[in-house]
Structure formats: structure tokens, C-alpha cells
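>>> here are the coordinates; sequence isn't available:
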């Protein structure tokens with residue numbers, strides 16, 4: 001298979017980018033090595049996306065796997081770590097456009113940390129570094145990414161109640177203990193009095209410790225921790241309403257954001273960053289400034305934390321847990337009341353994430369230790385998103401995933417929910433959800449199309465596991481969108497999704513989905529040929545054609561859709577079928593291959609015609625055998641005129657393929673080729689004509705036997721023509737054969753001894769009585785007639801048959817090449833009149849013509865041979881020219897070894913392209 005140049009260049013760019021970041025960590029960005037590597041990376045990036053090309057380069061990451069335009073890269077550990085870094089930073093992909101400049105690539109590289117840093121900071125650093133860049137764009141996993149519109153809270157209070165103390169360690173202990181914080185809120189509420197702004201509960205802290213008042217339970221999720229799916233106030237996703245005492249509803253979004261800001265300030269106080277107001281009095285002042293409903297909400301959450309672990313030691317993650325819980329509870333409550341849709345919930349969570357990130361940065365000692373150790377951990381946004389999804393009731397999840405806003409749900413949440421449905425046996429609902437999710441790629445909202453494309457690429461494996469038929473649905477939606485999408489960035493993401501889904505179809509061998517993918521690609525090609533050509537090489541279908549062809553040939557019943565898939569890729573399929581057809585050794589195998597090729601239709605046959613008519617010589621020679629079965633007429637039209645341009649080895653290959661094809665008109669095709677081939681190939685063509693047994697060749701063979709030879713042919717060709725006449729076994733040849741045998745001059749025979757022997761052997765089949773009468777006065781010995789050409793069965797189960805009897809030589813004959821630049825020697829162990837099998841001193845390519853000098857004691861014989869394929873440690877050769885007197889000597893040599901030889905009756909070798917008559 002031919003590799004895609006863009007993919008190869010993209011792989012090179014990814015490697016260079018990794019090296020660039022490594023040099024930056026080792027030497028810094030100003031070092032000469034780093035600067036030079038930046039130039040190399042930029043050059044390779046432009047090779048991957050040359051100016052004027054369609055689309056760009058999409059570098060995606062899912063887990064530890066890098067994706068290049070949707071195609072997985074087989075990366076080294078460095079590439080896997082790079083993918084993990086992008087995933088941990090919340091980045092789904094980075095898109096490079098044709099307009100990218102070296103300065104933008106440098107800004108992109110500078111955003112990557114060279115020292116201790118958290119992966120979660122990378123996304124923000126890239127945003128800052130690439131601000132205004134037109135050639136590079138990042139796509140975050142967070143689905144509705146928005147900038148923070150929040151203002152950091154400030155501490156406006158002075159030192160307060162001395163009874164609580166002002167020591168920093170005491171402050172930190174209070175902030176890490178839910179019970180102490182409850183006392184703080186109670187004190188603040190008590191200090192407000194009845195005329196205060198809030199009307200919260202009393203300071204007694206008598207809330208139901210079981211959590212009944214709010215139904216709250218802890219996440220158990222500290223910094224980077226795992227969740228058990230149960231959240232504060234939301235057991236099983238069924239948390240109570242935000243009802244404080246005397247309040248019909250909970251706080252507004254702005255009030256919730258103020259609570260989170262206050263918690264951030266609490267964290268600064270605990271970390272000793274609060275300045276003069278950093279004491280319990282300052283904490284009380286912060287709480288006192290909250291509304292009554294906000295204080296109630298905060299108190300209820302702390303009550304549950306205290307009730308859950310009454311004897312637990314103070315934990316630095318209490319404020320983080322509290323902030324996460326409040327954000328999730330507020331978002332879920334508004335969603336359940338129907339005040340906002342799911343995409344608006346995402347926006348709220350993004351706003352609140354900014355405040356929680358500030359708090360985590362202050363209290364993130366644990367994350368700092370993990371970062372120093374080079375460990376990657378779950379990003380803040382991922383934790384918050386996962387907690388919110390786990391808190392949504394089952395009914396709510398189902399409704400969301402079946403709505404037009406299903407694209408708002410991150411792919412990993414969709415995956416976990418669908419897998420659970422499948423595990424419970426609810427496949428119908430799982431199928432409906434995945435169908436609906438795929439349909440979101442056709443949304444009018446660009447953001448929805450973008451996020452759905454990213455999600456489909458990540459969920460492609462799930463579509464196969466849930467129901468392979470879902471791939472058809474997903475591919476249909478993605479393919480149609482690809483045909484009409486105008487946005488360049490979204491187009492790249494949709495292309496990547498199309499590639500991933502197609503690869504899953506190929507990997508799972510779901511042929512109807514592959515057929516649909518190829519059909520959709522044909523539609524895309526009509527409008528965007530550049531994109532279609534790039535996608536075709538990445539889909540993973542074409543490279544699996546050899547496997548599919550083997551499967552179709554092995555199976556008794558071809559899998560549904562397989563033939564149609566092969567039919568849609570006629571070029572690759574016919575190339576593979578031609579290779580297998582030429583390798584067949586049994587007639588049944590070759591018939592099976594030919595029948596499959598015929599089922600592929602006219603387009604496949606047209607590819608064969610065009611290759612034979614004007615394709616490269618090597619490829620054209622390989623297609624001849626199959627085309628002689630499917631369309632012999634076009635072969636007779638196109639091939640003869642091209643044969644004169646073929647080298648002798650290719651002409652030899654063509655003649656053998658035509659003969660082995662079993663085509664009805666193969667005799668006629670060979671006769672058409674005879675006058676256009678090299679003289680060294682003519683004996684093979686004549687031999688193959690005789691094997692067909694077709695009477696159509698009688699006239700031309702008789703002419704050659706009488707001495708009317710094609711241009712450049714030697715007398716050896718007359719011997720081959722007479723042997724061919726003997727195989728055809730036609731009475732019309734008796735006159736010519738008898739004339740050759742019995743015609744005499746005054747003191748000698750008119751025709752060479754070898755011609756007379758060949759004619760006598762042919763007559764033994766046609767008129768044995770005449771031979772018996774004439775033989776005593778013929779001058780031909782019985783020894784001369786022993787090595788007669790073998791009869792070739794008309795209905796042999798083998799593609800090729802042996803032409804002459806083999807003789808195992810009592811003593812190997814050594815032969816030396818005379819025409820090669822670097823001479824070699826052959827040790828002939830087994831031989832026949834048409835060739836032999838020898839151990840050779842060095843490798844020679846099959847089809848190489850070699851002039852041999854055979855050394856027999858003090859004598860030697862000359863012959864021209866064509867090298868064939870290897871058999872184990874030996875190499876076969878076929879004699880294509882030999883002086884007739886030399887052939888008589890060679891015949892006597894073989895006949896002399898017959899008394900020491902057991903006649904070999906084994907079948908031809910397993911490969912069809914090795915001549916068996918040696």
C-alpha cells in the first residue's frame with residue numbers, strides 16, 4: 001500500500017515537536033539547539049500542510065494516544081506522555097492551519113512549561129500565548145468554554161472577636177474543621193440581629209445531623225481525588241431544594257459566586273496570605289456580608305460534612321469540597337427546576353470553576369507534590385464536570401442524552417452511561433442515545449457541531465460495541481456534514497471523526513458500514529477532491545483490502561457487504577486478486593479468484609484494461625493473466641503493440657501468465673504475441689501454444705517447422721514447434737512430420753538430427769505403425785527416442801504441467817555463466833531437455849537470461865537459459881536456446897543417466913510461476 005505523504009510528514013512534525021519541547025526543558029528556549037529544532041519543526045509542519053492545500057493538520061489526544069487527523073499514531077513513550085499532558089490539561093486537539101507562521105509555532109511551544117507546573121495550567125497558558133494567532137487553534141474538552149467574568153473577593157474586615165484568637169495556626173485549624181466553621185457562621189448570624197439583611201437559622205447549629213434538612217453527603221473528593229457518585233445534598237442525584245428557613249428558593253447565581261469568592265478568601269487566610277484582616281474576625285465579617293439564604297446554604301453543607309465524619313481530623317480539602325458541592329448543587333437545582341438548559345449549566349459551571357481553581361491553587365500542596373513527581377492528575381474542570389454528571393438523576397441523564405443538547409455532555413460521561421445501559425440489558429435505550437448524539441453533528445450551532453465531532457471520534461469504539469449497525473448511522477451524519485461544512489476548523493474535526501468511525505468499521509469488519517463510508521466519500525470527492533483523497537488513505541479500509549480479499553476467497557459464503565466494499569475499491573482489489581491469481585498452483589484456486597474478479601463488475605475490468613494499455617510495465621505484466629480471463633479481446637488489441645517495449649523478463653512473465661490463466665482464447669493471444677517478443681522468449685511461447693492443444697495454431701506451427709521463422713529466431717524454435725505439433729496430435733501434420741523424418745540427401749539426411757528425433761516422437765502418437773516400419777532404417781537409436789515430450793492432461797488439476805521427463809544425474813554437472821558482469825557457477829543435480837534444477841553460487845533475479853557453459857569431463861556444451869524461481873536451496877532454470885548439435889549431446893548425457901534413475905512422477909511444484917519441466 002502507498003503511504004500518504006501528508007501523514008508521513010505529520011508524523012515527522014510530531015516527533016520534531018516533541019524534540020523541541022525536550023530541548024526547551026533541557027537548555028531553555030534561547031539555546032541554539034532549541035532555535036534550530038524550531039526551524040526544523042516548522043519546515044516539517046509546512047510539508048504536512050503546504051500553502052494552498054485544503055484543511056490543515058489536526059493533532060488530537062485521547063488518553064495516552066495521539067491522533068493525527070483522526071488516525072492513531074504509534075508513538076514512543078515520549079509521544080504517549082505528550083498525549084497524556086494534553087488530555088490532563090483538558091485539550092481535545094490542536095489544529096494547525098495553512099496560515100501558521102514560525103512565530104506562532106514559537107508562541108505555541110513557549111506556552112509549554114519547562115519546569116514545575118501543573119498540567120491544568122497548560123490550557124490557560126496556551127490561550128494567552130496564542131491570543132490573536134490565526135494559524136493555530138486549541139480545542140478544549142470543556143464544552144462551553146468561557147472567560148471568567150468574576151471579580152476576586154477582597155477582605156474588608158478588621159480584626160474581630162479576640163475570643164476566637166488571632167494566631168495563624170488557629171485560623172488554619174478553624175478553616176479545616178467543619179464544626180468550627182459552623183460556629184463561625186452562627187456567630188456571624190448572631191451578630192447581625194433581627195434587623196440584619198439575612199433571616200437565616202439560629203446559631204445553635206441544630207440542623208439535622210443526618211443530612212435530612214438538605215440530604216447532603218460528602219464527595220470524598222479532595223484535590224484530584226475520585227468520586228463515589230454521591231454528593232453533598234444530592235444522594236443518588238435526588239437532593240432537596242435550596243430551601244432555607246423562610247426562603248422559598250435558594251440564592252441566585254451571583255450570590256453563589258460570592259460564596260465561592262468568600263471561600264477563596266478563607267483559603268488565603270488559612271494560607272497566611274490575608275494581610276491584616278486575616279483572622280477569625282475577618283472570617284466573621286465575610287460571612288456577615290452574605291445574604292441569609294447564602295448563609296443557610298453554607299451552614300447546611302458544613303452540617304453534613306461534620307455529621308459525616310464527626311471524629312475526623314481537620315482536612316485541608318474541606319474548603320475545596322465545600323466549594324465543589326455548592327457549585328454542583330446550585331447548577332443541578334437550576335437545571336431540575338427548568339430555569340436553564342444543559343448548555344447553560346455548562347456555562348455556570350465554567351464560571352464557578354474559576355473561583356474553585358483559585359481556591360485549589362491556594363490549598364494545592366498535594367497537587368504541587370504530584371507535579372514535582374511528574375505525575376498527571378485529573379484537571380479541576382474534569383472533576384467538577386464529573387461530579388455534576390454523577391449528581392444528575394437517572395431520569396435527567398436520560399432526558400438530556402435524548403435531547404438536541406446531548407452534545408453538551410462530555411464523551412466520557414456518555415460512554416459511562418451507555419455502557420451501564422448495555423450492562424443492564426437496555427440496549428434499545430443505549431442505541432437511541434448514540435443515534436441522537438450522532439445527529440447533533442448536523443446542528444445549526446457551530447459549537448454543537450464542533451463538540452459532537454470531537455465526541456464521535458472519542459466514542460467510535462463504543463458505537464461498535466453497542467451495535468455495529470450504529471456505525472452506519474454515525475457515518476451517515478458525519479459524511480453529510482463533511483460535504484457541506486464551510487468552517488475550516490469544524491471541517492478538520494468532522495474529518496477526524498469520519499476517519500475514526502471508518503477505522504472502527506474496518507477493524508470490526510462491519511462491511512455495510514465500510515460500504516457506506518466509501519459511498520459518502522464519493523459524494524465528498526465530487527465537491528472537495530483534495531479532502532477526499534486525503535481521507536481515503538487514512539480510513540484504514542484500503543490498507544485492509546488484502547485481508548478482505550483473503551477472507552472472500554476462503555469463505556464458502558461471502559460476508560454481507562464484502563463484495564460491494566471490494567467493488568468500491570476496484571484498483572486495490574484487482575491488484576491483490578492479480579497477485580493471487582498469478583500465484584495459484586491449482587486450477588480450482590485460479591477459477592475461484594477469476595470468478596470473484598468477475599463479480600466486481602465493469603469498473604474493475606476497466607482498471608485492468610487501462611493498466612495493460614498504458615500502465616507501468618511491471619504492473620501491466622502482472623495484470624495480463626487476469627485480464628485474459630475477463631476480457632481476452634481487449635488484451636489482443638492492447639498487448640501486442642506494447643510487448644516490444646517490455647524487457648525479456650516481463651515478456652516471459654506475460655507468456656507464462658496467459659498460458660496458466662486457462663482462458664479459452666489463450667492460444668490466439670499467444671499467437672498474436674509471438675512476432676512481438678524477444679527471440680529468447682519465442683521458444684516458451686511456442687511451448688505454451690502446444691500445451692493448449694488448440695488446432696488454431698496448426699498453420700503457424702507447420703510454417704515454423706518448415707523453416708519459416710520469425711525475425712531473430714534460431715533453429716531451436718523449429719524443434720519446439722515440432723514438439724508442439726506432437727501435443728496437438730492433429731492428422732493434418734502427418735505429411736510434414738514424415739517429410740522431416742524420411743527426406744535424405746545423397747549421403748546424409750536433409751534435416752538436422754534433433755528435428756528428425758522430435759518429428760519421430762510426434763509420429764509415434766499419430767501413426768505408430770509407420771514409425772515401427774520406418775524406424776530400423778531411420779538412423780535414430782532407441783536411446784534417442786527415450787526422452788520424448790510428456791503428454792499434458794487436458795483437465796489437469798494443476799495450473800502448470802511438466803513438459804519433459806526429469807533425470808536425476810548420477811554426478812552433478814557444473815556450469816559457468818559467461819555473459820554476466822560477475823560470473824557465477826551452477827551445480828546441476830536434476831535436469832531435463834527443457835531445463836533443470838541447480839545450486840547457484842549467488843542470487844539471480846528470476847527472468848535473468850544466462851549463457852551457460854556446461855563442463856562434462858574434458859568436453860563442454862553451450863546453452864542459453866532463463867532463470868526461474870527458487871526452490872528451497874536451489875534455483876530452477878529453463879533452456880531457451882541451444883545449438884541443435886549441442887542439444888543432441890545434451891540428450892545423450894541425460895539418456896546415459898536414465899539407467900541410474902528412477903523415473904520421477906511427482907506433481908508440479910506448488911507455485912504456478914515455476915516451470916515444472918526441468
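Received, thanks. Computed from a prediction, not measured in an experiment: that's the story for all the values here.

>>> for the stretch 551-700 of the chain, what spans make up the strands?
Here the stretch 551-700 of the chain has no strands by DSSP state E, counting those that start in this stretch.

>>> those helices in it, which residues are they?
Assigned by DSSP state H, counting those that start in this stretch, the helices in the stretch 551-700 of the chain fall at 562-568, 570-583, 587-599, 602-614, 617-630, 632-643, 648-661, 666-674, 682-692, 698-705.

>>> now those in JSON lines, with distance to residue 138?
The way it works is simple: take the backbone N, C-alpha and C, and place the C-beta from them, glycine included. Shown next, in JSON lines, are the helices of the stretch 551-700 of the chain (distance: least, Cβ to Cβ, whole Å):
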{"stretch": "helix 562-568", "distance to residue 138": "36"}
{"stretch": "helix 570-583", "distance to residue 138": "37"}
{"stretch": "helix 587-599", "distance to residue 138": "48"}
{"stretch": "helix 602-614", "distance to residue 138": "43"}
{"stretch": "helix 617-630", "distance to residue 138": "45"}
{"stretch": "helix 632-643", "distance to residue 138": "55"}
{"stretch": "helix 648-661", "distance to residue 138": "54"}
{"stretch": "helix 666-674", "distance to residue 138": "62"}
{"stretch": "helix 682-692", "distance to residue 138": "65"}
{"stretch": "helix 698-705", "distance to residue 138": "74"}
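
>>> export those helices as a markdown table, with columns for distance to residue 808, mean pLDDT and mean neighbour count.
Shown next, in a markdown table, are those (distance: least, Cβ to Cβ, whole Å; pLDDT from 0 to 100; neighbours: other Cβ atoms under 10 Å):
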| stretch | distance to residue 808 | mean pLDDT | mean neighbour count |
| --- | --- | --- | --- |
| helix 562-568 | 46 | 93 | 20 |
| helix 570-583 | 28 | 94 | 21 |
| helix 587-599 | 28 | 93 | 17 |
| helix 602-614 | 41 | 94 | 18 |
| helix 617-630 | 32 | 94 | 23 |
| helix 632-643 | 37 | 92 | 18 |
| helix 648-661 | 25 | 93 | 24 |
| helix 666-674 | 32 | 94 | 22 |
| helix 682-692 | 23 | 93 | 26 |
| helix 698-705 | 32 | 94 | 19 |
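
>>> of all the ones you listed, which lies closest to residue 542?
Residue 542 lies closest to helix 570-583 among these, at 5.4 Å (Cβ to Cβ).

>>> now do the closest one and helix 587-599, the angle between them.
Here the directions of helix 570-583 and helix 587-599 differ by 170 degrees (axes from the mean of the first three to the mean of the last three Cα atoms, to 10 degrees).

>>> show residues contacting helix 570-583.
The contact list for helix 570-583 (Cβ atoms under 8 Å, 6 or more residues apart in numbering) reads 1, 542, 545-546, 549, 553, 566-567, 590, 593-594, 596-597, 600-601, 603-604, 606-608, 619, 622-623, 625-626, 629, 657, 660-661, 911-913.

>>> which intervals of this structure have sub-threshold pLDDT?
Residue ranges of the chain with pLDDT under 70: 1-4, 51-55, 75, 114-120, 141-290, 292-295, 297-388, 899-918.

>>> got the buried residues for the lengthiest strand in it?
Taking DSSP state E as the criterion, the chain has its longest strand at strand 859-871. Neighbour-count burial for strand 859-871, counted by 16 or more other Cβ atoms under 10 Å, picks out 861, 863, 864, 865, 866, 867, 868.

>>> same question, stretch 446-453
Neighbour-count burial for stretch 446-453 flags 448, 449, 450, 451, 452, 453 (criterion: 16+ other Cβ under 10 Å).

>>> packing partners for the helix or strand where the fourth one lies?
Per DSSP states H and E: residue 451 is located in helix 446-466. Under the contact criterion of 3 or more Cβ pairs under 8 Å, 6 or more residues apart in numbering; DSSP states H and E, the helices and strands touching helix 446-466 comprise strand 57-62, strand 91-96, helix 411-423, helix 427-439, helix 470-484, helix 488-507.

>>> what would those look like in JSON lines with mean neighbour count and distance to residue 129?
As requested, these are exported to JSON lines (neighbours: other Cβ atoms under 10 Å; distance: least, Cβ to Cβ, whole Å):
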{"stretch": "strand 57-62", "mean neighbour count": "24", "distance to residue 129": "16"}
{"stretch": "strand 91-96", "mean neighbour count": "23", "distance to residue 129": "12"}
{"stretch": "helix 411-423", "mean neighbour count": "18", "distance to residue 129": "27"}
{"stretch": "helix 427-439", "mean neighbour count": "19", "distance to residue 129": "33"}
{"stretch": "helix 470-484", "mean neighbour count": "22", "distance to residue 129": "31"}
{"stretch": "helix 488-507", "mean neighbour count": "25", "distance to residue 129": "18"}
